[in-house]
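Asker: missing the sequence, but the structure's below:
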């Protein structure tokens, strides 16, 4: 695993990005307007906002799954397109996107297979990843045999299998029950610390954003703009942190920003 | 596992045996005329007696059903793959395919005799192909198309192109849909072959044995032929199930784990 280098290199840099869906038609939608955002290497950034604020769209601009209508998106100093073709990021969705027909190991090995890794190297890496997400004994199971939380852990293992420097997550714990969700948050922070990967995390949960992030980016809807950026420093977080006054302060700050957004 | 299989097989076998026994008993007790409903034992006796004719007829009908089934599957899958590549084609063809599939295609058998000849086997085979083609095409095309958008985005994040997505996502995703269409198409192929034989083609097939035996009041022979046809249908349905099992090991899902 890569060391947490601590350098403050720019992981993502977005300048004056706009996104318009269906331009010049009756159902034209201005999804994002004038987005400026810098994400430092090693950061854990949450994007939060009411539905329709374009947080998932913003994530897809970074991933080059969508192209901005105007403005620039750079990932590790390259265009987002170059970064995608170089596979500089791994992605995790709310729908785990695990393939039913591949067992857990084979799902984790898919990106490595597409890169042409040898079977031996693939097996070795998938073992390491299973260890990282603590699912060693489930390597031969099919996704359908796993719970939602376990599926998301496999999905994270797959996204990190080729050691990307950036992890993009689109409401990854949105479909999980509250207890599993909190457990997964602690697990994700551990993985983040162990791998030193930069994380961009889309969520609509206030406590989730406050608990996980080094910075919470609050978006306002129609058109999506950045309303505010809230820096959070809760240090090493455990389940006890959730009862900490500092955590309460952070959630309050995020909540008030969201209220301001809703009030328009 | 072994126990599970036994408990799964036992009830239908028991019901089957009881059913045959009740049938036999009812025909005897209520003195039902043999031409209305022969006893299972007399059908069995006729099946042994006429085995030569029945075996030949079943074999010939089976060849038409199976070859038509295979050609229909091949054409259906091919067209599904082609329409998946070209969205316009898919949007244009699918509604028509669904509409045609809802019509009784076997009703076309006499027309096919005019098109492809009354005495050859091809018009019968063409009915089977047509009956098999539509469900296979419609279901496979659906399976190739109905992929979760996140799965496509994931593949794009790996810088994968359309061919890789077809191979790694669309085709495996379509397998269960294809398997469902096989369950429909396999028994349909036998039905289609027999109905087509009622209208034309060579005269030594199961369909002909049924019509001519009934015509000469040899109802027990007709019933024996029907039993053979049922066996053929079950055999093809069974093959479809085995193919499904073997091609999709992940479908035999074990227990669901809690977090």
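Answerer: On my side now, so go ahead. Keep in mind that what you see is a predicted model, and the values were worked out from it rather than measured.

Asker: can you list the weak-confidence ranges in chain B?
Answerer: B:1-3, B:252-259 (pLDDT under 70).

Asker: now the helices for it?
Answerer: Applying DSSP state H to chain B gives helices spanning B:2-29, B:40-49, B:51-85, B:87-101, B:109-116, B:122-145, B:149-157, B:162-165, B:171-199, B:206-215, B:219-247.

Asker: Single out the most deeply packed of these.
Answerer: helix B:122-145 (a mean of 24; mean count of other C-beta atoms under 10 Å in any protein chain shown). C-beta coordinates here come from the backbone N, C-alpha and C atoms, glycine included.

Asker: Which of the three states applies to the most centrally placed residue in chain A?
Answerer: In chain A, the C-alpha nearest the mean C-alpha coordinate belongs to residue A:169, at 2.3 Å (C-alpha atoms, centre = their mean). Classification of residue A:169 using DSSP: H, G, I helix; E, B strand; the rest coil returns strand.

Asker: Wait, it touches residue A:200, no?
Answerer: Yes. When contacts are counted by C-beta atoms under 8 Å, residue A:169 is listed as touching residue A:200 (7.0 Å).

Asker: Nearest residue to residue 115 in space, ignoring adjacent ones along the chain?
Answerer: Answering for chain A, as no chain was given. Of all residues not flanking residue A:115 in the chain, residue A:162 sits nearest, at 6.5 Å (C-beta to C-beta, 6 or more residues apart in numbering or on different chains).

Asker: look at chain B instead
Answerer: Closest residue to residue B:115 apart from its sequence neighbours, by C-beta to C-beta, 6+ apart: residue B:123 at 7.0 Å.

Asker: gap between that neighbour and chain A?
Answerer: 40 Å (C-beta to the nearest C-beta, to the nearest Å).

Asker: Can you name the residues that contact that residue?
Answerer: By C-beta atoms under 8 Å, 6 or more residues apart in numbering or on different chains, the residues touching residue B:123 are B:109, B:112, B:113, B:115, B:116, B:117, B:196, B:200, B:201.

Asker: contacting residues around the last one?
Answerer: Read it as residue B:201. B:113, B:118, B:119, B:120, B:121, B:123, B:124.

Asker: Could you do residue B:162 as well?
Answerer: residue B:85.

Asker: now residue B:82
Answerer: When contacts are counted by C-beta under 8 Å, 6+ apart, residue B:82 is found next to residue B:89.

Asker: Look up how far residue B:135 lies from it.
Answerer: For residue B:82, the distance to residue B:135 (C-beta to C-beta, to the nearest Å) stands at 17 Å.

Asker: and what of residue B:151?
Answerer: Noted for residue B:151: a distance of 25 Å to residue B:135, by C-beta to C-beta.

Asker: Show me the beta-bridge partners of the residue nearest to the centre of chain A.
Answerer: In this structure, residue A:169 bridges to residue A:92, residue A:201 when assessed by DSSP bridges.

Asker: Surely residue A:66 is within a strand?
Answerer: No. Secondary structure of residue A:66 (three-state DSSP): coil, not part of a strand.

Asker: Please name the spatially closest residue to it (chain neighbours excluded).
Answerer: residue A:60 (4.2 Å).

Asker: mind checking which helix or strand that neighbour is in?
Answerer: helix A:55-62 (DSSP states H and E).

Asker: any idea of the angle that helix forms with helix B:149-157?
Answerer: Here the directions of helix A:55-62 and helix B:149-157 differ by 20 degrees (axes from the mean of the first three to the mean of the last three C-alpha atoms, to 10 degrees).

Asker: What is helix A:55-62 packed up against?
Answerer: strand A:10-21, strand A:29-40, strand A:44-48, strand A:70-75, strand A:166-170, strand A:198-202 (3 or more C-beta pairs under 8 Å, 6 or more residues apart in numbering or on different chains; DSSP states H and E).
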